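Engineer: Take this sequence and fold it.
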Amino acid sequence: MKLRTPRLRPRPARAAVAARLREDLALATARPLRRWAWAGAALGALAAAVAFLPATWLAGQVAGWTGQRVLLAQASGTVWSGEATLVLTGGRDSRDATMLPGRLRWRVRPALAGWRLELQQDCCLNGTVALRISPGIARTEVELLPKPGWLGQWPSALLSGLGTPWNTLQLGGAIRLSSPGLRLVQAAGRWSVEGRAEVLMLNATSPLVTLEQLGSYRLALFSTPEGRVQTTLETTEGPLQLQGEGTLGPAGLHFRGEAWAAPGEESALNNLLNIIGRRQGERSLISIG
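Structural biologist: Next comes the predicted model:
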């Protein structure tokens with residue numbers, strides 16, 4: 001019997017094996033590189049989209065946050081550097097609106113542990129007003145940075161855009177805001193306030209009375225240990241006397257006060273006292289919230 005010798009398959013040449021290994025290695029390397037390239041392109045597109053977010057997008061957000069009470073009309077530029085006309089209204093479906101003269105300009109830039117928002121408005125802001133915004137997962141802070149003197153001054157007629165009772169009173173004069181420092185803190189879904197601010201209503205007038213002026217008033221806002229905002233109202237001068245106090249929190253403003261006429265001015269202010277509160281003798285009781 002004749003034995004058969006088994007045939008052995010010839011081994012591939014070493015050059016062919018090396019070439020195949022190089023191809024496999026190139027494919028294995030190219031796959032993650034392509035993934036990184038796609039990821040980089042996506043991140044680049046996202047960064048470009050954020051960098052060029054239009055100011056009209058910000059205007060929509062502000063309108064939503066404030067229930068249509070604060071509007072950035074005719075907005076131009078971007079979220080990071082833009083301008084708009086500031087309009088106050090009485091909210092959704094309100095026919096009352098007041099437009100501030102001039103344009104509100106803003107600029108946002110990176111700062112230590114957050115962002116710095118700078119606001120300018122020739123008619124109403126005292127130079128540049130700056131806020132520091134420090135966002136976080138569990139805690140967000142918005143700090144109004146202090147500056148010498150007052151921060152802003154606006155015509156009292158601006159309040160007419162907020163609706164009742166301001167549209168009835170048609171106040172003249174000016175409103176001035178000042179603060180040594182104010183911080184809003186959001187944590188666990190709730191906002192708290194730290195610091196103090198002061199609102200002055202200067203030389204208030206109204207067509208509802210024959211008097212040249214109603215007076216000037218100071219509204220102080222300061223934080224309590226519980227994180228609420230306490231408010232106090234007092235008269236600095238004038239025939240219409242006002243005083244009261246309240247709190248400002250997530251549920252809105254709760255205020256109790258009273259108004260009365262200085263001696264000798266009762267007849268001139270009688271009609272106005274009937275409008276601004278519930279009469280109780282010579283005084284008018286003011287209740288909000």
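Engineer: Alpha carbons of the strand or helix carrying residue 86, in CSV - could you do that?
Structural biologist: Assigned by DSSP states H and E, residue 86 falls within strand 81-89. Taking C-alpha atoms only, strand 81-89 is exported to CSV below (Å, rounded to 0.1, in the frame of the first residue of the first chain):
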residue,chain,number,x,y,z
SER,A,81,-23.6,91.9,23.4
GLY,A,82,-26.8,93.6,22.4
GLU,A,83,-29.3,96.4,22.9
ALA,A,84,-33.1,96.9,23.1
THR,A,85,-35.8,99.3,24.1
LEU,A,86,-37.2,98.6,27.6
VAL,A,87,-41.0,98.4,27.9
LEU,A,88,-43.1,97.9,31.0
THR,A,89,-46.6,96.5,30.7
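Engineer: any idea where the strands of the stretch 101-250 of the chain begin and end?
Structural biologist: All strands of the stretch 101-250 of the chain, identified by DSSP state E, counting those that start in this stretch, fall at 104-111, 114-120, 129-134, 139-144, 152-155, 172-187, 190-205, 215-223, 229-237, 240-249.
Engineer: packing partners for the third one?
Structural biologist: So the one you mean is strand 129-134. Using 3 or more C-beta pairs under 8 Å, 6 or more residues apart in numbering; DSSP states H and E, the elements in contact with strand 129-134 are strand 114-120, strand 139-144. (Glycine included, C-beta is placed from N, CA and C.)
Engineer: and the ones you listed, which one is worst for confidence?
Structural biologist: Ranked by mean pLDDT, those bottom out at strand 139-144, with a mean of 90.
Engineer: can you list contacts of that one?
Structural biologist: Identification of contacts with strand 139-144 by C-beta atoms under 8 Å, 6 or more residues apart in numbering yields 114, 129, 131-134, 151, 179, 181-187, 195, 197.
Engineer: go on, stretch 171-181?
Structural biologist: If you take C-beta under 8 Å, 6+ apart as the criterion, stretch 171-181 is touched by 143-146, 149-160, 195-206, 213, 216.
Engineer: how about 6 Å then?
Structural biologist: Identification of contacts with stretch 171-181 by C-beta atoms under 6 Å, 6 or more residues apart in numbering yields 144, 146, 150-154, 156, 195, 197-206.
Engineer: and what of stretch 127-138?
Structural biologist: 113-120, 141-145, 151.
Engineer: cutoff 7 Å now
Structural biologist: 111, 113-120, 140-145, 151-152, 187 (C-beta atoms under 7 Å, 6 or more residues apart in numbering).
Engineer: as a whole number, average confidence for it?
Structural biologist: Taken as a whole, stretch 127-138 carries a mean pLDDT of 89.
Engineer: repeat for stretch 219-229
Structural biologist: Per-residue pLDDT over stretch 219-229 has a mean of 83.
Engineer: where's the nearest residue to residue 221 once chain neighbours are set aside relative to residue 85, distance?
Structural biologist: In this structure, residue 221 finds its nearest non-sequential neighbour in residue 197, 4.8 Å apart by C-beta to C-beta, 6 or more residues apart in numbering. Taking C-beta to C-beta, to the nearest Å as the measure, residue 197 and residue 85 are separated by 25 Å.
Engineer: So which of the two has more stuff around it?
Structural biologist: Higher neighbour count among residue 197 and residue 85: residue 197, with 20 against 15, using other C-beta atoms under 10 Å.
Engineer: Double-check the more buried one against residue 182; I have them as touching.
Structural biologist: Yes - Residue 197 lies in contact with residue 182 (C-beta atoms under 7 Å); the separation is 5.3 Å.
Engineer: Sort out which of the contacts of stretch 127-138 are buried, if you could.
Structural biologist: Buried residues within the contacts of stretch 127-138, defined by neighbour count using 16 or more other C-beta atoms under 10 Å: 114, 115, 117, 119, 120, 141, 142, 143, 144, 145, 151.
Engineer: Farthest-apart pair in these, please.
Structural biologist: Largest separation among those by C-beta to C-beta: 120 and 141, giving 22.6 Å.
Engineer: Phi, psi for the residue nearest in space to the middle of the chain please.
Structural biologist: Centroid check for the chain by C-alpha atoms, centre = their mean gives residue 62 as the closest residue, at 7.1 Å. Phi and psi for residue 62, reported as degrees, to the nearest 10, are phi -60, psi -40.
Engineer: who touches it in this structure?
Structural biologist: Listed by C-beta under 7 Å, 6+ apart, the contact partners of residue 62 are 70, 72.
Engineer: Tell me how far it lies from residue 87.
Structural biologist: Taking C-beta to C-beta as the measure, residue 62 falls 11 Å from residue 87.
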